[in-house]
Every structure is written in C-alpha cells, then in structure tokens.
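> have a look at this prediction, sequence included:
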Amino acid sequence: QLQLVESGGGSVQPGGSLRLSCAASEGTLNDYTIVWWRQAPGKEHEGVSCISSTDRRTDYLESAKGRFTISRDRAKKTVYLQMNSLIPEDTAVYYCAADQWGGCGVPRKDLMNYWGKGTLVTVSS
C-alpha cells in the first residue's frame, strides 16, 4: 500500500517558480514509476511529467518541456517537479500518481495504482 502526499503548491506570478514534492506517508515510492498529473478547472486530467521506476527515463508534456524538471531523491523517497517560467495556463491542481508495473510513455489514468490528493498551483498577476 502506498499513500502519496503532494506539497509545494501555491500562488505565483507569471514567470515565477515552484517546486512540488511527492512523498509517501506509507510505503516507499522508490520502486514505482511516478507521474505528475494536473487538472485545470473544467478540464480533464493531463499528464505533465513522468519518471520511470529506474530513473532512466523522464517524459514531459510538450508545453512543459524546457520549463519543468522531474527528479527523484531516493534517500528522501521523494519525487520533485521543479516548475520554472510559470504561465497562467499552468494553473491547476497537481497530483502525483504511482504506476507499479509500467514505465513512462503515453500517460494513462487507468494504469495508475495510487494517487495523492493534489496540491493547487495558481499562476496569476
């Protein structure tokens, strides 16, 4: 069993930065592929970034490339999403999710085994 907890959300101005964290309050996420998802008001979830269970592969939503960086600290059992050059379109609730069996590719909600409750990111002037 894995319980994921996100933190680091908040309100920033366009061009600002935030670092989101995803940790496990129970279990360890070190053996899982971790995907960051987001859901903007009135929109479907979209996969933002992924790090494979071996850390050998990372993927990004096209609009996040060059601005967001996903990383894992195995000693702290935490996955981070560093978000720079934020734009209003990044406003959403951000969730981390764990995939026990798969790697990074086209993100699919139905393949995620565990989800956190989300953290809100608001980008506004």
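That came through, no problem. Numbering: from 1, shown residues only.

> for the rest of this, base every contact and every neighbour count on C-alpha atoms.
Will do.

> report the contact partners of the residue nearest the centre of the chain.
For the chain, residue 36 is the residue whose C-alpha lies nearest the centre (CA atoms, centre = their mean; 2.3 Å). Counting by CA atoms under 8 Å, 6 or more residues apart in numbering, residue 36 makes contact with 47-50, 81, 94-97.

> how does it look with 10 Å?
Applying CA atoms under 10 Å, 6 or more residues apart in numbering to residue 36 gives the contacts 6, 20, 22, 46-51, 60, 70, 79-81, 94-98, 107, 115-116, 118.

> now residue 120
Under the criterion of CA under 10 Å, 6+ apart, the neighbours of residue 120 are 6-11, 38-40, 91-95.

> closest one of the residues you listed to residue 103?
The closest of the contacts of residue 120 to residue 103 turns out to be residue 95 (CA to CA; 17.6 Å).

> how far away is the closest one from residue 112?
Relative to residue 112, residue 95 is positioned 11 Å away (CA to CA, to the nearest Å).

> so what sits against both of those two?
Looking at what touches both residue 95 and residue 112 (by CA under 10 Å, 6+ apart), the common residues are residue 35.

> between those two, which is the more surrounded one?
For residue 95 versus residue 112, the count of surrounding residues by other CA atoms under 10 Å is larger for residue 95: 26 against 18.

> who touches the more buried one in this structure?
Residue 95 touches 4-7, 20-22, 35-39, 45, 47-48, 115-120, counting by CA under 10 Å, 6+ apart.

> same thing with residue 12?
Applying CA under 10 Å, 6+ apart to residue 12 gives the contacts 18, 86-88, 91, 121-125.

> could you pick out the buried ones from the residues you listed?
Those of these that meet the buried threshold are 18, 86-87, 91, 121-124, by 16 or more other CA atoms under 10 Å.

> tabulate these (JSON lines), appending secondary structure and pLDDT.
Conversion of those to JSON lines gives the following (DSSP: H, G, I helix; E, B strand; the rest coil; pLDDT from 0 to 100):
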{"residue": "18", "secondary structure": "strand", "pLDDT": "98"}
{"residue": "86", "secondary structure": "coil", "pLDDT": "98"}
{"residue": "87", "secondary structure": "coil", "pLDDT": "98"}
{"residue": "91", "secondary structure": "coil", "pLDDT": "98"}
{"residue": "121", "secondary structure": "strand", "pLDDT": "98"}
{"residue": "122", "secondary structure": "strand", "pLDDT": "98"}
{"residue": "123", "secondary structure": "strand", "pLDDT": "98"}
{"residue": "124", "secondary structure": "coil", "pLDDT": "97"}
